[in-house]
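>>> My questions concern the predicted model and sequence given below.
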Amino acid sequence: MEMPGFQISEQQRDEIDDDELEAMLDEEEESILRQMAEARMAEIKAKVDEEQRNKILGHGDYREITEQEFLPTVTKTQYCVCHFYHNDFERCKIVDMHLQRICKEHLETRFIRLNAEKAPFFI
């Protein structure tokens, strides 16, 4: 990089090359960081879209269904937890309490309950 009339020492030439190299590395780092940020934003957007879609399908709540609703309900979602309960069993009430709590934390899963006495086909 010599210009007519100017003498550049070897050390100055190395400094110029180092500066150019550093500028190139900074540009490359910025490009990589920008790509990483765009990828992360795409992941976040996909996750938010999935959560909204799941809420529309009834995720996030714990409700009772009938025997006729069972197959349409469980086939519309990827993950589904169904509690087949009986009113006379105290343990079923305990399970209901816990499922009611965790359904709000796990929006990827649909939580439903079905009275075992009223669903002879599935029992």
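Alright, I've got the coordinates.

>>> in this protein, which residue is closest to the centre?
residue 47 (3.9 Å; CA atoms, centre = their mean).

>>> Now name the helix or strand holding that one.
Per DSSP states H and E: residue 47 is located in helix 10-56.

>>> so where's this protein shaky on pLDDT?
Filtered on pLDDT under 70, the chain yields the residue ranges 1-16, 21.

>>> Could you rerun that using 80?
1-25, 54, 56-58, 123 (pLDDT under 80).

>>> domain parsing for the protein?
As assigned by automatic domain parsing, the chain contains the domains 11-56, 58-118.

>>> which of those domains sits most buried?
Across the domains of the chain, averaging neighbours per residue (mean count of other CB atoms under 10 Å) puts domain 58-118 on top, at a mean of 14. Just so you know, the C-beta spots here come from the backbone N, C-alpha and C atoms, and that holds for glycine as well.

>>> first to last residue in that domain, what's the distance?
22 Å (CA to CA, to the nearest Å).

>>> can you check stretch 80-93 too?
End-to-end for stretch 80-93, by CA to CA: 19 Å.

>>> Same check on stretch 111-123?
End residues of stretch 111-123 are separated by 18 Å (CA to CA).

>>> can you tell me which residues contact residue 61?
103, 104, 111 (CB atoms under 8 Å, 6 or more residues apart in numbering).

>>> Spatially, and excluding backbone neighbours, which residue is closest to the first one.
Nearest-residue entry for residue 103: residue 111, 3.9 Å, with adjacent residues in sequence omitted and distances by CB to CB, 6 or more residues apart in numbering.

>>> The one you found pairs with what?
residue 62, residue 81 (DSSP bridges).

>>> Distance of it relative to residue 117?
20 Å (CB to CB, to the nearest Å).

>>> and what of residue 72?
Distance from residue 72 to residue 117, by CB to CB: 21 Å.

>>> Repeat that for residue 51.
34 Å.
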